[in-house]
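below are the sequence and a predicted model for it; my questions follow.
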Amino acid sequence: MVFSDAEKKTINKKFESLVNDVQLVMFTQEHECHFCKETRDMVEGLGGLSPKIKTTVYDLVNDKDMAKKYNIDKIPAIAIIGQSDYGIRYYGAAAGYEFNVVLDDIVDVSKGTTPLPDAIKNKLAGINKPVHVQVFVSPTCPYCPAAARTSRRLAIENKHIRSDVLEMTEFPHLVQKYSVMSVPHIIINEDTSFVGAQPPEVFVEQILMALRSGNNPMYS
């Protein structure tokens, strides 16, 4: 992707906060999907703006071992990896409001910590079971970045939580499966769903609810 001078200035300003190296692992396929080339160009473009950002591109089919390693099953996909793999994945073209989400995720992953309040971190420390958060978003949704960012920060603070952000129009089968009518729409462990850019306290309570009701999946 060719960034304009203004875009480069904004991106580089954010990247001044990078601490440790970040690896952007992107998955596409030989005959690229509708937004695969756009996503690959974006990832490689970001890699060209900072020596702290390393980029790798894999083929979902031909590099199936790597897809399994990173738990990737759809494209386009970006795994944002820091000193640890926090389970942060972005599916779809990170356009519109969501582009800044990716930039902020890169910075947070680079730091390996978040500005979440200590009270939230203390609650998160008690979670020791797998939690899968899926946040459905749209590039034109002004409330989606807040929901996406909260899910990312929870994943960084607790190794049992993984966060997928999905651009809803690119995955209609999942939109239908989860009855997504508006965004942001959040699914936790297939058991719990809620809508809106809720504060971190609500996210944590919904996670705890999902863990309590784990034997009653909403979706099949």
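Arrived safely, thanks for sending.

verify the stated contact: Ser213 with Asp191.
Yes: taking contact to mean Cβ atoms under 8 Å, the distance of 5.0 Å between Ser213 and Asp191 places them in contact. All C-beta atoms are positioned from the backbone trio N, CA, C, and that covers glycine.

when the two are compared, which one has more neighbours?
Using other Cβ atoms under 10 Å, the more surrounded residue of Ser213 and Asp191 is Asp191, with 20 against 14.

tell me how the chain divides into domains.
Taking automatic domain parsing as the reference, the chain has its domains at 1-112, 114-213.

could you redo those domains as a markdown table and give each row mean pLDDT?
Conversion of the domains of the chain to a markdown table gives the following (pLDDT from 0 to 100):
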| stretch | mean pLDDT |
| --- | --- |
| domain 1-112 | 95 |
| domain 114-213 | 95 |
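
which helix or which strand is home to Val135?
Take DSSP states H and E as the rule and Val135 turns out to sit in strand 131-137.

could you name the helices and strands sitting against the next helix or strand after that strand?
Using DSSP H and E, the next helix or strand after strand 131-137 towards the C-terminus is helix 144-157. Judged by 3 or more Cβ pairs under 8 Å, 6 or more residues apart in numbering; DSSP states H and E, the packing partners of helix 144-157 are strand 88-91, helix 97-111, helix 118-125, strand 131-137, strand 161-167, helix 200-212.

any chance of those in JSON lines, plus distance to Gly82 and mean neighbour count?
Output for the helices and strands packed on helix 144-157, formatted as JSON lines (distance: least, Cβ to Cβ, whole Å; neighbours: other Cβ atoms under 10 Å):
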{"stretch": "strand 88-91", "distance to Gly82": "9", "mean neighbour count": "26"}
{"stretch": "helix 97-111", "distance to Gly82": "4", "mean neighbour count": "21"}
{"stretch": "helix 118-125", "distance to Gly82": "18", "mean neighbour count": "14"}
{"stretch": "strand 131-137", "distance to Gly82": "18", "mean neighbour count": "24"}
{"stretch": "strand 161-167", "distance to Gly82": "14", "mean neighbour count": "24"}
{"stretch": "helix 200-212", "distance to Gly82": "20", "mean neighbour count": "18"}
